[in-house]
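Colleague: give the three-dimensional model of this entry:
(one chain, ligands or ions: 1)
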Amino acid sequence: MSRKTKLISSPSSFIGIDGDGYISFGSGQPDLPPPREIFRNLEDRRLFRYGLIQGEIKLRQALAKEYPNARPEDFVITNGASEALDLVFRAIRQMHGRVKVLLCQPYYYSYPPLVELAGLIPVYTRLKEGRIDIEDFRKKVRGVKAVLINSPSNPTGRIEAIPTLHEIEAITQKLGVYVISDEVYKDLIYVRGNYLIKGRHVITVNSFSKTYSMCGLRIGYLWARDRKIVDRAIDIKVHTSMNTNTLAQEMALRAMDVPQSFVDRQTKIWRERRDFICDGLANLGFSLWKPEGAFYVLPKIKDSGRVVSELFYKHKVITYDGAWFGAPGRIRLSYALDVEKIKEGLARIGTYLKGKENWLV
Ligand SMILES: Cc1ncc(COP(=O)(O)O)c(C=O)c1O
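Modeller: As a prediction, this is how the structure comes out:
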């Protein structure tokens, strides 16, 4: 590989790159606008002062109404789901020491570093056709203190079958293992409604980034049924980020007021794009799992690292290497971009692949 096509080794080289002729299938950032209602009358001076570390009470009250048997005091509002995950792992570390956390592979690329930064040990169960292999899960869950479930999944776009989720609830309940359920794509499911994982040891993590196209505002939350996790998370957060942006919390509160039709309209658009990109990739000869939620597809290709670098340097197309998600030999494409751009991006990928058809294993 020439100097110009030096291997790109992390998504940080791509996040935020826009315009200048690039087609980005990279970052999982919705291109659709947030609800208009969130921008009105934001002059309130209260919004510019330090706020409660746990999060604004009105937002926690609104969230408690969204979830069954939830109480406002069991939520912590965070800087996106990212901070919620970070706080949960650090709280577990403080309470239980250097324990193991079971991750599903392929995984969202931040999971292993977040687990390790907290001083915990990641262990892995391999997904089968993009979904949890319950046999393997049953074996691996023994000996871990927490499992992380992400359905719909980034990067596979697959959802877990409800019986699988029931079984996870039962095993973890029996073993006293925490289930951290990353639900950031729960509103973006194409094939059924979401199933919320239940249980005493469940910690639900969610965010306003994807459902309401509010990524940059950095609003997420954790909801733990175990009060000790909530208290630890607040104790840690007071020394790290302090309160989550109060102005953005106010905007999140308003977003919760918009009718469900807003979310339904967005999901319809994602589904149309999903169909468009899957057909396009299949026509190019790619083999892939059809996504059932979120906005990612993870087709197979040989030498995925080289493909990602060459597509970027030679064709101005951004894709992510499956290796970053624990899935070498695949590339991840986000379809959070309009159909015209998807079409152009696919055409460029088609040009790149001429004569390389045998790479499409
Ligand atoms: C599975 C998953 N969890 C968490 C996050 C982080 O989201 P947030 O913007 O809420 O920090 C992402 C972002 O892409 C994600 O895909």
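Colleague: report the contact partners of the residue of the chain at minimum distance from the ligand.
Modeller: Closest contact between the chain and the ligand, by C-beta to the nearest ligand atom, is at G80 (2.5 Å). Where you see a C-beta, it was placed from the backbone N, CA and C, and this is true even at glycine. Taking C-beta atoms under 8 Å, 6 or more residues apart in numbering, we find G80 in contact with 207, 209, 215, 218-220.
Colleague: torsion angles phi and psi at it?
Modeller: Reported as degrees, to the nearest 10, the phi and psi values for G80 are phi 70, psi 170.
Colleague: in terms of pLDDT, where does it sit?
Modeller: Listed pLDDT for G80 reads 98.
Colleague: now it: closest residue in space, sequence neighbours ignored.
Modeller: Excluding the flanking residues, the one nearest G80 by C-beta to C-beta, 6 or more residues apart in numbering is G220, at 4.2 Å.
Colleague: ok, the one you found touching S209?
Modeller: Yes: counting by C-beta atoms under 8 Å, G220 touches S209, with 7.0 Å between them.
Colleague: near the residue nearest to G80, how many other residues are there?
Modeller: A total of 25 residues lie near G220 under the criterion other C-beta atoms under 10 Å.
Colleague: kindly report the same for R225.
Modeller: 17.
Colleague: residues touching it, list them.
Modeller: R225 sits next to 74, 199-203 when contact means C-beta under 8 Å, 6+ apart.
Colleague: again, only this time at 6 Å
Modeller: Contact analysis of R225 by C-beta atoms under 6 Å, 6 or more residues apart in numbering lists R200.
Colleague: let's verify V258: helix, strand, or coil?
Modeller: With DSSP: H, G, I helix; E, B strand; the rest coil as the basis, V258 sits in coil.
Colleague: also Y221?
Modeller: Strictly by three-state DSSP, Y221 counts as strand.
Colleague: quick check: it touching F75?
Modeller: Yes: the criterion here is C-beta atoms under 6 Å, and Y221 meets it with F75 at 5.4 Å.
Colleague: break this protein down into its domains, please.
Modeller: Under the assignment automatic domain parsing, the domains of the chain span 3-28+260-359, 43-255.
Colleague: and these, which one averages the lowest pLDDT?
Modeller: Among these, domain 3-28+260-359 scores lowest, with a mean of 93.
Colleague: chain center to that one: distance?
Modeller: Computed by C-alpha atoms, centre = their mean, to the nearest Å, the chain-centroid distance of domain 3-28+260-359 equals 16 Å.
Colleague: does the ligand sit close to it?
Modeller: Yes: using C-beta under 6 Å from any ligand atom, domain 3-28+260-359 reaches the ligand at G28.
Colleague: sorry, back to before: quick one, what contacts the residue nearest to G80?
Modeller: The contact partners of G220, by C-beta under 6 Å, 6+ apart, come to 78, 80-81, 84, 207.
Colleague: can you check P72 too?
Modeller: 60-61, 64.
Colleague: relative to D321, how far out is it?
Modeller: 41 Å (C-beta to C-beta, to the nearest Å).
Colleague: cool, and E344?
Modeller: 21 Å.
Colleague: these two - which one has more neighbours?
Modeller: Shown here are E344 and D321; by other C-beta under 10 Å, D321 has more neighbours (26 against 15).
Colleague: where along the stretch 201-350 of the chain do the helices fall?
Modeller: Along the stretch 201-350 of the chain, the segments classed as helices by DSSP state H, counting those that start in this stretch run 227-237, 246-255, 260-283, 304-315, 339-353.
Colleague: deepest in the core, which of those helices is it.
Modeller: When you average the neighbours per residue for each of the helices of the stretch 201-350 of the chain (mean count of other C-beta atoms under 10 Å), helix 246-255 leads with a mean of 21.
Colleague: please list the residues of the stretch 1-150 of the chain that sit near the ligand.
Modeller: Near the ligand, when you scan the stretch 1-150 of the chain using C-beta under 6 Å from any ligand atom, you find 28, 80-82, 108, 150.
Colleague: which one of these is nearest to T246?
Modeller: Proximity of these to T246 (C-beta to C-beta) peaks at G80, which lies at 15.3 Å.
Colleague: the ligand contacts on the stretch 151-300 of the chain?
Modeller: Checking the stretch 151-300 of the chain against the ligand by C-beta under 6 Å from any ligand atom, the hits are 154, 182, 184, 207, 209, 215, 220.
Colleague: go again with 8 Å.
Modeller: Within the stretch 151-300 of the chain, the positions lying close to the ligand (C-beta under 8 Å from any ligand atom) are 153-154, 182, 184-185, 205-210, 215, 218-220, 294.
Colleague: neighbours around R36, how many?
Modeller: Around R36 there are 10 other residues, counting by other C-beta under 10 Å.
Colleague: apart from its neighbours in sequence, what residue is nearest D136?
Modeller: Nearest to D136 is T125, by C-beta to C-beta, 6+ apart, at 4.9 Å.
Colleague: and that neighbour, that's in a helix?
Modeller: No: counting by three-state DSSP, T125 is not found in a helix; it is strand.
Colleague: distance of it relative to E116?
Modeller: T125 sits 18 Å away from E116, going by C-beta to C-beta.
Colleague: and the helix or strand K65 falls within, what does it pack against?
Modeller: Using DSSP states H and E, K65 falls within helix 57-66. Applying 3 or more C-beta pairs under 6 Å, 6 or more residues apart in numbering; DSSP states H and E, we find helix 57-66 packed against strand 75-78, helix 246-255.
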